[in-house]
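K.L.:
how would this look folded up:
(2 chains)
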Amino acid sequence: MSAQTPTSPWRSKAPKPKKVKGVTGIASLNGKWGYLFTAPFFVMFLIFGLAPIVYSTYIAFFHWDPLGDQTFNGLENFTNLLQDDHFWNALRNTLNIWALSTFPQMAMSIGLAAVLRNKKLKFKTFWRTILLVPNITSVIAVAIVFGQLFGRDFGLINLFLSYLGMPHHIDFIEETIPGHIAIATMITWRWVGYNALIFLASMLAIPEDLYESASLDGASAWQQFIYVTLPQLKNTITFVLIVGTIGGLQVFAEPLTLGGTMDGGSTRQFSTLTLYLYEQAFINNKWGYAAAVGILITFIVLIVSGINFMITRRLASEEQ
Amino acid sequence: MAKMWTAPRVLAVAAVAALSVATVTPAKAADPVTITIWTFGDVIQRNFVQEYKLLHPEITLEIKKSDLDPLNGTNMVTACTAHNGPDIAAVEVSYSGYWRSYPSCFQDLRQMKTSSANANASSVVPASSNIAANLSATSIKKDYLPWRWAQGVGYNDSVIGLPTDVGGLEVAYRTDLFKKAGLPTDRAKVGKLWPTWDKFIAVGKQYLGKLSAKDKKAGKGFIDNSGTIYAAMLNQGTSKYYLNDGTDTGKLIYDKNPAVKKAWDTTVTALQAGIGTRIGQFSSDWNTGMSNGTFATILAPAWMMDYIKAQAPDTKGKWDIADMPGGGGNQGGTQLTIPAAAKHKQEAWDFMAWYLAPAQQLRMFKTYGLFPSTPSLYTDPSLVGFKDPFFNNAPVGKIYASGIVKLKPIFEGKLERAIDTAFGAGLSRVAAKKMTSAKSWAQVMADLKKVVSN
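P.N.:
Just a heads-up that it's a prediction; the model follows:
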């Protein structure tokens, strides 16, 4: 194989050694044909990825009414944005919802994975499949169901809380922190199973002899989990955290559907960064301003990802 | 469309001439056409779609429903920018001010002429009326309420939309709950209880006083949502956020208009008196509350009657309709438009002219409670005499008609929807006791400054 330069069967007339015959076709994919097969992604990326990025970067420097005036205004959108308390409010809400959903979600996912890892568990495939069901349910359907659960007057959760002795009903839509908790619950419900499967895969890759020697040393199941499982999951935790951060900073459908308004509610308690972008573009028809919001979101994601990256590096160097 | 018709004809003539053979040309079967309609809610009623299929088997009406804001705020903007989109688009009245400022996005309906497609409609569907050929928007203008018509007139005077129903607004109330609270139940007497909004709030307080402690704790109230008083009051006036100063755009007066402040203050009084349940309309709690008797009154547009029937079928006969405080009111209403990029304008216009003609609107009122925008019907015995058993045999046609004729035209400007949203949010803050009225008003003003600036 190494002696033979891969050639395309359509071009080469040279006799081919029989040994290599089976792989020539595959090998030739590394050449020009490879570009053809990867082209769909790049074409799609150009149309739906790069072009909108370029376009929105361009219009971020304009006062851009989609049907009316489009005038250049330099950095005005950005300077206005930095003084816009609605924008900072949206950033606060986003980070708050992100924190409320990510950390409990991690703990639950790891816990679920630990349960699923149990060798005595029956119907393994069934449980693993069921974990993914919330993830493939439409967000709108989830929002309708959760909207009923969190209803102020007839919601199940308030009913439950009043049995527990809560003196008055909580308004999960109007009040800021309960509202964030409601949204975080929706997000957690959707993603906890998905992440549990990732943790499960990573747990199954932990060598069995680590546990064996731990139990020989007299470690309880809990100690095994703390001192064997968790340290081995470090990289997976970082991965899930980064992916969750990128998704969490773009949370959109949940606050929109649960709150039911595009301005994020009466005190803008549900207004997240992406919802604010949407409101500027499609309610106020300020496309240029919305594009500027988009660019700032990109920078925020970059900064947070950068922090994540540094944490990962530190964790990795500690391991060595 | 004209081209499509002439091309085969020219060909046929040429062929006949060239061959010099006399042939009998068979009657041309109409080409199948699909009219796409972007709409929301029940603007286009299914029964009428089926009826139109009987009239025109060759035409398929493809109804695509969205929610209001995505439809009028997002999809139509994109469609107009991309010169693309449906054959008919429904524009709700809260967006009419916006779209009137972009008339180039629409076909000028003055230039459309009905074909003879529906000239004999009643021979196929007896209940349907015939629509004469050669009708433009100019020729049917006289059929519609002037102020409803004006909501579909663009800044360059082109006609961009035909009015569908009129919202109308009256008070739907529960006779059983009124009786329990010691209030009169007869609709004439109930209407006399509240000639003004202040009286309405006073009756609400009286009702609250009769509620048991248990009911109070369960969150029961007099009106479903006191916040609805704001829009109801505002629509009874002559101006809202814009002053009609003769210009196309009008002049922004939301911060100075005493009518706005008065509606705000009265609503705040109602909120602070606690006469409402604070349930959001169209929420699941609202639907449940309607059957449970959580509230005794709703400020109900005519189209809401059908909604109440569907959500609370068990309450049949317990509801009645009384006059609004302040007399008359309006909420909602829609124009049907033909976007400039529509592909089947002729067929779309033929359908609209038929669908919104008085005879069809009358039938829509009887079946679905959509109140007609064609005043000739307001004296029609079949509308005036129409009684609804669900609402305790109230003469709903007569009640809504008498309220609607009292309304005055209100100029609605480009940012109507956004401004309304900001005031709504402001009142919600007061309702949730997050801010005082004064502080929340100041916040509305600050928020709106951002909206109206570039």
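
K.L.:
Count residues in the vicinity of the residue of the stretch 151-300 of chain A found nearest chain B, would you?
P.N.:
Residue nearest to chain B within the stretch 151-300 of chain A (Cβ to the nearest Cβ): residue A:266, separated by 3.3 Å. For the C-beta atoms, the positions are set from N, CA and C on the backbone; glycine is no exception. Residues contacting residue A:266 under the criterion other Cβ atoms under 10 Å in any protein chain shown number 24.

K.L.:
now residue A:237
P.N.:
Residue A:237, neighbours per other Cβ under 10 Å, totals 19.

K.L.:
Contacts only, for the residue of the stretch 151-300 of chain A closest to chain B.
P.N.:
A:174, B:424, B:425, B:426, B:427, B:428, B:429, B:431, B:432, B:434 (Cβ atoms under 8 Å, 6 or more residues apart in numbering or on different chains).

K.L.:
Could you find the closest non-adjacent residue to residue B:234?
P.N.:
Closest residue to residue B:234 apart from its sequence neighbours, by Cβ to Cβ, 6 or more residues apart in numbering or on different chains: residue B:263 at 4.5 Å.

K.L.:
gap between residue B:323 and residue A:266?
P.N.:
In this view, residue B:323 and residue A:266 are 31 Å apart by Cβ to Cβ, to the nearest Å.

K.L.:
about what we covered before: can you tell me, leaving aside adjacent residues, what's nearest to the residue of the stretch 151-300 of chain A closest to chain B?
P.N.:
Residue A:266 sits nearest to residue B:428 (Cβ to Cβ, 6+ apart), 3.3 Å away.

K.L.:
that's a strand at the one you found, yeah?
P.N.:
No: counting by DSSP: H, G, I helix; E, B strand; the rest coil, residue B:428 falls outside a strand, being helix.

K.L.:
Just give me the neighbour total for it.
P.N.:
23.

K.L.:
what's the answer for residue B:436, then?
P.N.:
12.

K.L.:
Please name the nearest non-neighbouring residue to it.
P.N.:
Closest residue in space to residue B:436, ignoring its immediate chain neighbours: residue B:430 at 7.4 Å, by Cβ to Cβ, 6+ apart.

K.L.:
The one you found against residue B:437, yeah?
P.N.:
Yes: Residue B:430 lies in contact with residue B:437 (Cβ atoms under 8 Å); the separation is 5.4 Å.

K.L.:
where do the contact lists of the two overlap?
P.N.:
Shared contacts of residue B:430 and residue B:437 (Cβ under 8 Å, 6+ apart): residue B:268.

K.L.:
the more surrounded of the two?
P.N.:
Using other Cβ under 10 Å, the more surrounded residue of residue B:430 and residue B:437 is residue B:430, with 23 against 18.

K.L.:
can you pull the contacts of residue 87?
P.N.:
You didn't pick a chain, so chain A it is. The neighbours of residue A:87, taking Cβ under 8 Å, 6+ apart as the test, are A:81, A:276, A:293, A:296.

K.L.:
wrong one, chain B
P.N.:
Here residue B:87 is in contact with B:35, B:36, B:37, B:338, B:339, B:342, B:343, B:344, B:345, B:347, B:348 (Cβ under 8 Å, 6+ apart).

K.L.:
so who does the fourth one touch?
P.N.:
Listed by Cβ under 8 Å, 6+ apart, the contact partners of residue B:338 are B:87, B:88, B:89, B:106, B:107, B:109, B:112, B:345, B:348, B:349, B:352.

K.L.:
count of residues packed around the last one?
P.N.:
Close neighbours of residue B:352, defined as other Cβ under 10 Å, add up to 26.

K.L.:
from what I can see it touches residue B:162, true?
P.N.:
Yes: under the criterion of Cβ under 8 Å, residue B:352 makes contact with residue B:162 at 5.5 Å.

K.L.:
Spell out which residues make up each domain of chain A.
P.N.:
Listed by automatic domain parsing, the domain ranges of chain A are A:18-75, A:79-319.

K.L.:
Check whether the first one comes near chain B.
P.N.:
The reference is to domain A:18-75. Yes: contact of domain A:18-75 with chain B (Cβ under 8 Å from any Cβ of the partner chain) involves A:63, A:66, A:67, A:68, A:73.

K.L.:
quick one: contacts for the first one?
P.N.:
When contacts are counted by Cβ under 8 Å, 6+ apart, residue A:63 is found next to A:69, A:70, A:71, A:72, A:73, A:76, A:77, A:286, A:288, A:289, B:454.

K.L.:
near chain A, which residues of the stretch 351-454 of chain B?
P.N.:
B:417-418, B:421-422, B:424-429, B:431-432, B:434-435, B:447, B:450-451, B:454.

K.L.:
picking that back up, got the domains of chain A as a markdown table, with mean pLDDT columns?
P.N.:
Converted to a markdown table, these look like this (pLDDT from 0 to 100):
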| stretch | mean pLDDT |
| --- | --- |
| domain A:18-75 | 82 |
| domain A:79-319 | 88 |
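
K.L.:
If we look just around chain A, which residues of the stretch 201-350 of chain B are in range?
P.N.:
Going by Cβ under 8 Å from any Cβ, the residues of the stretch 201-350 of chain B near chain A are B:219, B:277, B:279, B:280, B:283, B:284, B:285, B:288, B:289, B:294.

K.L.:
change it to 7 Å
P.N.:
Proximity of the stretch 201-350 of chain B to chain A is confined to B:219, B:279, B:284, B:285, B:288 under the rule Cβ under 7 Å from any Cβ of the partner chain.

K.L.:
now the strands for the stretch 101-250 of chain A?
P.N.:
For the stretch 101-250 of chain A, applying DSSP state E, counting those that start in this stretch gives no strands.

K.L.:
ditto for chain B
P.N.:
B:33-39, B:59-65, B:88-92, B:161-166, B:170-174, B:221-223, B:242-243, B:251-252, B:295-300, B:319-322, B:333-337 (DSSP state E).

K.L.:
neighbouring contacts of the last one?
P.N.:
If you take Cβ atoms under 7 Å, 6 or more residues apart in numbering or on different chains as the criterion, strand B:333-337 is touched by B:43, B:88-93, B:96, B:106, B:148, B:151-152, B:160-167, B:352, B:356.

K.L.:
Buried among those? Need that as a selection in ChimeraX.
P.N.:
Buried residues among the contacts of strand B:333-337 (16 or more other Cβ atoms under 10 Å in any protein chain shown), as a ChimeraX selection:
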select /B:43,88,89,90,91,92,93,96,106,148,151,152,160,161,162,163,164,165,166,167,352,356
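
K.L.:
dump the residue contacts of the residue nearest to residue B:234.
P.N.:
Shown in contact with residue B:263 (Cβ under 7 Å, 6+ apart): B:230, B:233, B:234.

K.L.:
Switch these over to a markdown table, and while doing so, append pLDDT and neighbour count to every line.
P.N.:
Formatted as a markdown table, those follow (pLDDT from 0 to 100; neighbours: other Cβ atoms under 10 Å in any protein chain shown):
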| residue | pLDDT | neighbour count |
| --- | --- | --- |
| B:230 | 95 | 23 |
| B:233 | 94 | 23 |
| B:234 | 92 | 22 |
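
K.L.:
a markdown table for those, including distance to residue B:327?
P.N.:
Output for the contacts of residue B:263, formatted as a markdown table (distance: Cβ to Cβ, whole Å):
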| residue | distance to residue B:327 |
| --- | --- |
| B:230 | 17 |
| B:233 | 11 |
| B:234 | 14 |
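
K.L.:
What is the nearest of those residues to chain A?
P.N.:
Set against chain A, the nearest of the contacts of residue B:263 by Cβ to the nearest Cβ is residue B:230 (13.2 Å).

K.L.:
The nearest residue in space to that closest one that is not next to it in sequence: neighbour count?
P.N.:
Spatial nearest neighbour of residue B:230, chain neighbours left out: residue B:267 (4.2 Å); criterion: Cβ to Cβ, 6+ apart. Residue B:267 is flanked by 28 other residues according to other Cβ under 10 Å.

K.L.:
Done for today, thanks.
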